[in-house]
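Visitor: sequence plus the predicted model coming up.
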Amino acid sequence: QVQLVESGGGSVQAGGSLRLSCVASGRIRSSHGMGWFRQAPGKEREFVAGINWTGVRTVALDSVQGRFFISRDSAKNTIFLQMSSLQPEDTAIYYCAAATGGLTSAMAAYDYWGQGTQVTVSS
């Protein structure tokens, strides 16, 4: 089993920044792909960005390109999502997830999920 614990969410005004963290523990492997997803009220969960433990990254959403940056600290089994220039449409619960099969944007491939952290952006 893999345990994932997110932190760093909160309430900010538009234009602000937040950095989310996700600490992985348990049977985390270097082969696991790690991803950030988000789910806004009344919307489906969507892939935001992913990274593997060697540092290969992928970002799915055009709307966050240039504003969100995913990174990792392999020594601490932690991934981050640096979010800048936040907009009200970024308001969502943000989830960290791990995929046994490696880095992917396919939500169905993610086996382990954190509890989520709320991000609220006011205009």
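Guide: Perfect, thanks for sending it. These numbers come from a predicted model, not from an experiment.
Visitor: report the secondary structure state of the spatially most central residue of the chain.
Guide: Centroid-nearest residue in the chain, with CA atoms, centre = their mean: residue 36, separated by 2.2 Å. Classification of residue 36 using DSSP: H, G, I helix; E, B strand; the rest coil returns strand.
Visitor: I'd say it and residue 71 touch.
Guide: No: judged on CB atoms under 8 Å, residue 36 makes no contact with residue 71 at a distance of 11.0 Å. Yep, even glycine has a C-beta here, placed from its N, CA and C like the rest.
Visitor: overlap in contacts of the two?
Guide: Counting by CB atoms under 8 Å, 6 or more residues apart in numbering, the residues touching both residue 36 and residue 71 are residue 79.
Visitor: all the strands of the chain, in order from the start?
Guide: Using DSSP state E, the strands of the chain run over 2-7, 10-13, 18-26, 33-39, 46-52, 57-59, 68-73, 78-83, 92-99, 112-113, 117-122.
Visitor: helices or strands up against the shortest one?
Guide: Which is strand 112-113. Applying 3 or more CB pairs under 8 Å, 6 or more residues apart in numbering; DSSP states H and E, one finds that strand 112-113 contacts strand 2-7, strand 92-99.
Visitor: neighbouring strands - and their directions - for it?
Guide: With DSSP bridges as the test, strand 112-113 is paired with strand 92-99 (antiparallel).
Visitor: now the angle from the partner strand to strand 18-26?
Guide: 30 degrees (axes from the mean of the first three to the mean of the last three CA atoms, to 10 degrees).
Visitor: what pLDDT, on average, does strand 92-99 get?
Guide: Here strand 92-99 scores 98 as its mean pLDDT.
Visitor: fine by me, we can end here.
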